[in-house]
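In: fold the following for me, if possible:
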Amino acid sequence: MTRRSLLSFIASSPLLFSAEKALASGFEITRTDAQWRAMLSDAEYKVMRQEGTERAGSSPLDKEYRAGVFSCRGCDLPLFSSETKFDSGTGWPSFYAPLENAVQTRDDHKLFMKRTEVHCRRCGSHLGHVFNDGPEPTGLRYCMNGVSMKFTAA
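Out: Residues are numbered from 1 along each chain as shown. The predicted structure follows:
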């Protein structure tokens, strides 16, 4: 088992994630748990509302390189432009910068390390994490779960 597959397995394990955390109020779009469950598949709900991680290489958005915009599946807010997408080799869609005022971050201490979680600033859906090992011009890698996003071609 490679390090990447081990981390992917651990990150997707439901045992490491508690029940849905109550997200801070103040998001422009809010829904009840029942409404989220009705509009999302089980996999989407696990990632977006329970801060899970999809299996590496499972999202078709990882190989999506047409011109367009990647938006939040929970509220349709445009998050990333295809112009900032790059192949990180991780198996998850990766970008070096979000669109302006699209995402918020917070510290994440799961998996016995400190990471920076990325979520939609409008509905609070979990998108993924940001790391300091990306390409220029930012040096950042926004490593996103494909199930949290939709792609619209230009």
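In: next, the residue nearest the centre of the chain: phi, psi?
Out: In the chain, the centroid-proximal residue (Cα atoms, centre = their mean) is Leu127; its distance is 1.9 Å. When read as degrees, to the nearest 10, the backbone of Leu127 gives phi -110, psi -40.
In: correct me, but it touches Val118?
Out: Yes - taking Cβ atoms under 8 Å as the definition, Leu127 is a contact partner of Val118 at 4.7 Å. In this view, the C-beta of every residue, glycine as well, is placed from N, C-alpha and C.
In: any common contacting residues for those two?
Out: Shared contacts of Leu127 and Val118 (Cβ atoms under 8 Å, 6 or more residues apart in numbering): Val103, Tyr142, Met144.
In: most neighbours, which of the residues you listed?
Out: Ranked by neighbour count (other Cβ atoms under 10 Å), the shared contacts of Leu127 and Val118 have Met144 at the top, with 29 neighbours.
In: and Phe131, bridged to which residues?
Out: Going by DSSP bridges, Phe131 is paired in beta bridges with Arg141.
In: so what's it up against?
Out: Arg115, Thr116, Leu140, Arg141, Cys143.
In: quick one: the second one is in a strand?
Out: Just to be clear, that refers to Thr116. Yes - assessed with DSSP: H, G, I helix; E, B strand; the rest coil, Thr116 lies in a strand.
In: beta partners for it?
Out: Beta-bridge partners, per DSSP bridges, of Thr116: Asp107, Val130.
In: okay, now the unreliable bits of the protein?
Out: Scanning the chain for pLDDT under 70 picks out 1-25, 108-112.
In: Ala153: neighbour count?
Out: As a burial measure, Ala153 scores 9 neighbours (other Cβ under 10 Å).
In: excluding its backbone neighbours, what's nearest it?
Out: Gly68 (4.2 Å; Cβ to Cβ, 6 or more residues apart in numbering).
In: ramachandran angles for Tyr45?
Out: phi -60, psi -40.
In: helices along this protein, start to end?
Out: Using DSSP state H, the helices found in the chain span residues 3-12, 33-39, 42-50.
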